[in-house]
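> Please find the sequence and the predicted model below.
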Amino acid sequence: MGSSEIRIARRTFVRKLLMSGLIVPCLEPWSSGAIISELQSQKIPPSFFGPRSDTVVTWLGMAGVLVNCRGTALLIDPLITLVESEGEMLCEGHYRLRTPLPIESRQMPHIDVVLFTHADGDHFSRVTAEVFAARETTKFVAPPPVERGLLNLGVSKERIVTARDFDSIEFGAAVVEVTPALHDWQDENPWRRGDCCGYVVRTPDGSIWHPGDTRLIDELLEVKDVDVLFFDVAAVRSHLGPEGSAKLAVSSGAKVTIAYHYGTFVLPKGSYGNCDPKDALPYTQGLSARFLLLNPGEILHLPLPS
Ligand SMILES: [Zn+2]
């Protein structure tokens, strides 16, 4: 299949999703043959969190993901609270936003569980964690460095499940599987195995994999039966980058990949949060999985259309 045929096939797939109402409304990155460089967030309505008979998933920007599996709400790596700094509203962590947050933490009517992949500041931040720490019904899954941070915030041990590689934890109709990660990016005292992780959220309607920040380690190639893979476009040290993410798209059997870890914060070009998703195209061409560039807040419905 030539590149123009691939482009048409992808465009047809996106249109099919749009027509079926399974994704509303989807950015059509292929419609003009060019990728939109700036994201345009879409507000996530309160109805997202209500009871339902299927599963919905959306990207929150950077590494954040929100899932409602048949009424159970799961958050992954949320940085979704604004803070004032010298008269300017910034995203926590002192990140200046390139696109508005699709929803803020305090606007979420309920969250059953927050999953953290690791303790880097673009994945785990005190302010959002405090919002959910104050809600006694919210639980947490976290590897030990994040767990220590949550305990320091006053979260009781009973509300935290320690993330251990390959563990499975049930939340409503969803089963969360912990996948391993090696994200040893620091020159001194790098993260070690067990300090970081990823999550597969398995639902009756399909499976969603957020691999976290990680090198491509062999064990990740053994993760199977994935429908939606979050595709790390950060081509920087100790990340999957487009090449590793494309390999996981093949090995996991993903049908759809969603680009993430880019475009959200004002950061130097080519750095961990500002790689160009167009650079992923040489790796995504020829994959059976569709490569989607969603705006933050766009909603994908599962099951996916066949
Ligand atoms: Zn990161």
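Nice, thanks for sending it over. Numbering: from 1, shown residues only.
> For the rest of this, base every contact and every neighbour count on C-alpha atoms.
Fine.
> can you pull the contacts of G270?
G270 makes contacts with A235, V236, D276, as judged by Cα atoms under 8 Å, 6 or more residues apart in numbering.
> roughly how far apart are it and S245?
Distance of G270 to S245, computed by Cα to Cα, to the nearest Å: 17 Å.
> Just to be sure, E170 is in a helix?
No - under DSSP: H, G, I helix; E, B strand; the rest coil, E170 sits outside any helix and is assigned strand.
> Tell me what it is bridged to.
V175 (DSSP bridges).
> neighbours around it, how many?
11 (other Cα atoms under 10 Å).
> From what I see, it and V161 are in contact.
No - counting by Cα atoms under 8 Å, E170 stays clear of V161, with 11.0 Å between them.
> list residues touching both of these two?
Joint contacts of E170 and V161 (Cα under 8 Å, 6+ apart) do not exist.
> that older thread, which of the contacts of G270 ranks first by neighbour count?
Neighbour count (other Cα under 10 Å) singles out A235 as the most crowded of the contacts of G270, with 22 neighbours.
> show me the contacts for the closest residue to that residue other than its chain neighbours.
Spatial nearest neighbour of A235, excluding adjacent residues (Cα to Cα, 6 or more residues apart in numbering): G241 at 4.1 Å. G241 makes contact with F231, D232, V233, A234, A235 under the criterion Cα under 8 Å, 6+ apart.
> Same question for P46.
Q107, M108, P109 are the contacts of P46 under Cα under 8 Å, 6+ apart.
> got the contact list for the second one?
In this case it means M108. Contact analysis of M108 by Cα under 8 Å, 6+ apart lists P46, F49.
> how long is stretch 233-242 end to end?
Using Cα to Cα, one end of stretch 233-242 lies 5 Å from the other.
> how about low-confidence regions in the stretch 51-200 of the chain?
Within the stretch 51-200 of the chain, no range satisfies pLDDT under 70.
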